[in-house]
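J.: Need the 3D shape of this:
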Amino acid sequence: HFNLKEQQRALVALPLNAVSGALMVVRAMRAGLELHAVTPQSNPFIEFKDKGEGYFDFVALTPYQLAHSIDYLPLIKTLLVGGARLSDALLNTIPSGTPTTIYESYGMTETLTHVALRRRYPRAESFFSALKGVYFSIGDEGNLIIHPSHLRQKTVVTNDAVQLYSKTEFEYLGRLDHVINSGGVKLFPESIEHKLSQIVQAPFFVTALPHPALGEQVGLILEGDEALRRSVLIELNEIEWGAYEKPKRVEVVSSFDYTATNKIDRIKTLKHLDL
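T.: Alright, predicted model coming up:
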């Protein structure tokens, strides 16, 4: 898909004991790439800061790493971002004219690799598009079903809710097991997080919190202090919300817990709060 060629330069900045890092090694072996490896960290490009524009032909990062590497993007020709949703707010921090093409990936451990891509920069695409040999269908609960020709298991049933536009295009809505049921209205935290990314620059996530009348309510958890909480409470009024979408409770944690791949560990983080 990316038309990679032998001797082109790639960087593995993801854990080699995880699928994400292993995928970079497999790509390099398959394409004959010159692969450089660094210890996974928030900014993996510090030792390459004096290299010229386009030094790396291909790199894969998490959104967390991208957020800490904005000034180093000119080093990269093609960047693949995965592991978590890539927010508009993060993309808006990229300086105009940055010579990097950025793709957001979709895939699961069960599919062994990414099965769909969405270009996000410089020209953003609205939907994820299937890679060659893959097509999609929809389950009874609105969940995505993947049909990958490269697997012996010809269908992979996901727990991801999507809007399917064709057998090769879909819009990601969120995880079915993350759904918030507030007064009988089903809400996807990922969709609410997408709206919040317009106003919140600090790390955050949306989750279900108990409500005496509605059963569940939308809760917004911020990494920061009380001043940030007060500021966000005011800015929430700047967003156009659907029914029950607006967070009814906003909490702050001084420091989130993170997984080994720099994803927010929601369960451990929530334990810091008396909810």
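
J.: and the closest residue to residue 47 other than its chain neighbours, backbone torsions?
T.: Sequence neighbours aside, residue 38 is the residue nearest to residue 47 in space, at 7.0 Å (criterion: Cβ to Cβ, 6 or more residues apart in numbering). Where C-beta positions appear, they are placed from N, C-alpha and C, glycine not excepted. The phi/psi pair for residue 38 (degrees, to the nearest 10) reads phi -130, psi 160.

J.: Can we start the residue count at 57 from this point?
T.: Done: numbering now begins at 57, and the last item shifts to residue 94.

J.: give me the beta-bridge partners of residue 135?
T.: Assessed by DSSP bridges, residue 135 has beta-bridge partners residue 115, residue 158.

J.: Tell me, how many residues neighbour it?
T.: Residues lying near residue 135 (other Cβ atoms under 10 Å) number 22.

J.: Where in the chain is the helix or strand with the lowest mean pLDDT?
T.: Counting by mean pLDDT, DSSP states H and E, the weakest-scoring helix or strand in the chain turns out to be helix 144-147, with a mean of 84.

J.: So for it, what gets flagged as buried?
T.: In terms of neighbour count (16 or more other Cβ atoms under 10 Å), helix 144-147 has its buried residues at 146, 147.

J.: In a helix, residue 292, correct?
T.: Yes - under DSSP: H, G, I helix; E, B strand; the rest coil, residue 292 sits within a helix.

J.: ok, now how distant is it from residue 260?
T.: Distance, residue 292 to residue 260, using Cβ to Cβ, to the nearest Å: 12 Å.

J.: So between those two, which is more surrounded?
T.: For residue 292 versus residue 260, neighbours defined as other Cβ under 10 Å are more numerous around residue 260 (22 against 17).

J.: From residue 330, how far out is that one?
T.: Note on residue 260: its distance to residue 330, by Cβ to Cβ, is 19 Å.

J.: Quick one: low-confidence residue ranges for the chain.
T.: Under the criterion pLDDT under 70, the flagged ranges of the chain are 317, 331.

J.: and the next element down the chain from the lengthiest strand in it?
T.: Criterion DSSP state E: the longest strand present in the chain is strand 212-222. Once strand 212-222 ends, the next helix or strand along the chain (criterion: DSSP states H and E) is strand 225-231.

J.: Contacts for the helix or strand that comes right after that next one, please.
T.: Per DSSP H and E, the first helix or strand lying C-terminal to strand 225-231 is strand 236-238. Defining contact as Cβ atoms under 8 Å, 6 or more residues apart in numbering, one finds that strand 236-238 is touched by 242-245, 262-264, 267, 270-274, 300.

J.: Going by neighbour count, which residues in the longest helix along the chain are buried?
T.: Longest among the helix segments of the chain by residue count, using DSSP state H, is helix 75-87. Judged by neighbour count (16+ other Cβ under 10 Å), helix 75-87 contains these buried residues: 76, 77, 79, 80, 81, 83, 84, 87.

J.: ok, so of those residues, who is nearest residue 283?
T.: Using Cβ to Cβ, residue 76 is the member of these that lies nearest residue 283, at 35.2 Å.
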